[in-house]
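Chemist: Dropping a prediction and its sequence here:
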Amino acid sequence: MVVISTEVTTAHAERLAELIQAEAVTLLPAGSRTRIEWLVAGDPRAWRMQVTTLLERIGESCPPLSQHTVPGVGWVEKVAADTAPVCLPPWLIIQDHHDRRAGAGVLQIIAGQAFGTGHHPTTAGCLTALTWLARRAPAPRLVYDLGCGSGILALAAGRLWPYAAVLASDDDPLAVMAARAHAKRNGHKRGARKVRGRLWVGRADGPCRAARRVDILMANILSGPLLDMAPGIVHVVRPGGHVILAGMLIHQGGGIIARYRGLGMRVRRRLERDGWLTLVLVRR
């Protein structure tokens with residue numbers, strides 16, 4: 001398989017990432033621009049032609065494209081085999097199928113197609129923010145993980161607040177399947193009662209009746225959707241409730257903060273990690 005990469009203006013990076021239908025796409029800050037890398041199978045020349053066309057479509061002058069070959073092994077299997085546990089105190093994230101360690105801070109998250117294994121700075125930032133809120137905010141009754149990916153944040157919330165109901169939703173069917181599998185691996189059954197609260201995993205339209213009832217909402221998605229979905233996110237959070245936002249680069253934070261402040265939110269904490277920003281906000 002081949003990795004192709006280029007640098008584009010940050011304003012166009014997320015749109016290009018949405019348009020590229022590749023095995024995996026990664027965005028990395030690169031000064032005033034953003035580096036985008038994608039893993040492809042098949043003829044790389046065809047991919048280079050496609051990307052050139054997409055760049056013209058979004059109005060980006062065609063930058064140089066580079067590529068390198070990665071070993072011809074199963075990518076998901078290689079990641080799972082080579083990845084050691086991630087330690088983010090108080091969390092230990094296990095990604096080995098054969099490692100069945102358990103404990104209050106142990107999360108069993110197997111590397112796969114759904115985002116969220118604890119390695120990316122946005123996931124780490126959200127886990128840190130959740131742990132911080134657990135010491136500084138009243139125990140929630142309802143927690144909502146919007147765009148849950150692997151389900152790691154919903155599972156962490158369930159560990160921190162065992163009496164809470166936790167909703168996890170995603171519009172990607174593969175993510176829903178992965179989150180349900182991880183819920184089962186971590187001792188939950190979909191829709192069933194766990195020790196005290198419950199965990200629900202499903203498509204994004206499931207929890208739409210949660211208006212003004214959510215105590216903590218987490219959204220680790222890209223900055224574009226965070227801006228577009230801001231009114232809906234604020235609408236489902238009760239006054240005094242908290243929102244954790246991630247998936248934005250540090251320089252994108254100003255626009256997102258302004259958007260949410262205009263909707264009645266106040267910033268309680270900023271977490272910066274490797275060029276990425278996580279925000280903790282409270283609704284007035």
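Modeler: Received, thanks.

Chemist: And the pLDDT for Leu39?
Modeler: If you check Leu39, the pLDDT there is 76.

Chemist: Keeping just the C-alphas, turn stretch 256-270 into CSV.
Modeler: Output of stretch 256-270 as CSV, limited to C-alpha atoms (Å, rounded to 0.1, in the frame of the first residue of the first chain):
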residue,chain,number,x,y,z
ILE,A,256,-15.3,28.1,17.6
ILE,A,257,-15.2,29.8,20.9
ALA,A,258,-16.8,32.9,19.4
ARG,A,259,-19.6,30.7,17.9
TYR,A,260,-20.4,29.0,21.1
ARG,A,261,-20.2,32.2,23.2
GLY,A,262,-22.8,33.7,21.0
LEU,A,263,-25.1,30.8,21.8
GLY,A,264,-24.7,31.2,25.6
MET,A,265,-21.7,29.1,26.4
ARG,A,266,-18.7,30.0,28.5
VAL,A,267,-15.2,28.5,28.4
ARG,A,268,-14.1,26.8,31.6
ARG,A,269,-10.9,25.2,30.4
ARG,A,270,-8.6,24.9,27.3
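
Chemist: got the contact list for that stretch?
Modeler: With contact meaning CB atoms under 8 Å, 6 or more residues apart in numbering, stretch 256-270 is reached by 129, 132, 223, 226-227, 230-231, 234, 242-243, 245, 248, 253, 277-284. Using the backbone N, CA and C atoms, a C-beta is placed for each residue, glycine as well.

Chemist: what do you get for stretch 14-34?
Modeler: By CB under 8 Å, 6+ apart, stretch 14-34 touches 1, 7-10, 13, 35-41, 47, 50-51, 54-55, 57-58, 60, 75, 222-224, 249-250, 275-276.

Chemist: buried ones in it?
Modeler: For stretch 14-34, the neighbour count (16 or more other CB atoms under 10 Å) marks Glu14, Arg15, Leu16, Ala17, Ile20, Ala22, Val25, Leu27, Leu28, Pro29, Arg33, Thr34 as buried.

Chemist: Could you tell me the end-to-end distance of that stretch?
Modeler: Length of stretch 14-34, first residue to last, CA to CA, to the nearest Å: 9 Å.

Chemist: May I see the PyMOL selection of the buried members of the contacts of stretch 14-34?
Modeler: This is how PyMOL selects the buried members of the contacts of stretch 14-34, with burial counted by 16+ other CB under 10 Å:
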select buried, resi 1+7+8+10+13+36+37+38+40+47+51+54+55+60+75+222+223+224+249+276
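
Chemist: so of the contacts of stretch 14-34, which ones are in helices?
Modeler: Taking DSSP state H, the ones among those that sit in helices are Thr10, Ala13, Trp47, Gln50, Val51, Leu54, Leu55, Arg57, Trp75, Ser223, Gly224.

Chemist: For the third one, which residues are in contact?
Modeler: Spelled out, it's Trp47. By CB under 8 Å, 6+ apart, Trp47 lies in contact with Val2, Ile4, Ala22, Trp38, Val40.

Chemist: Using CSV, lay out those together with distance to Ala183.
Modeler: Below are the contacts of Trp47 laid out as CSV (distance: CB to CB, whole Å):
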residue, distance to Ala183
Val2, 35
Ile4, 35
Ala22, 28
Trp38, 30
Val40, 32
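
Chemist: Among those, which ones are in strands?
Modeler: Val2, Ile4, Trp38, Val40 (DSSP state E).

Chemist: what stretches of this structure score poorly on pLDDT?
Modeler: Applying pLDDT under 70 to the chain flags the ranges 1, 21-24, 41-43, 62, 70-84, 94-100, 102, 111-117, 188-212.

Chemist: Try it again at 90.
Modeler: 1-121, 147-151, 158-159, 162-163, 165, 167-213, 222, 274 (pLDDT under 90).

Chemist: most residues in a single helix of it, which one?
Modeler: helix 121-136.

Chemist: List the buried residues of it.
Modeler: For helix 121-136, using 16+ other CB under 10 Å, the buried residues are 121-131, 133-134.

Chemist: what packs against whichever helix or strand comes after that helix?
Modeler: Counting by DSSP states H and E, the element after helix 121-136 in chain order, helix or strand, is strand 142-146. Counting contacts by 3 or more CB pairs under 8 Å, 6 or more residues apart in numbering; DSSP states H and E, strand 142-146 packs against helix 152-160, strand 165-170, strand 214-220.
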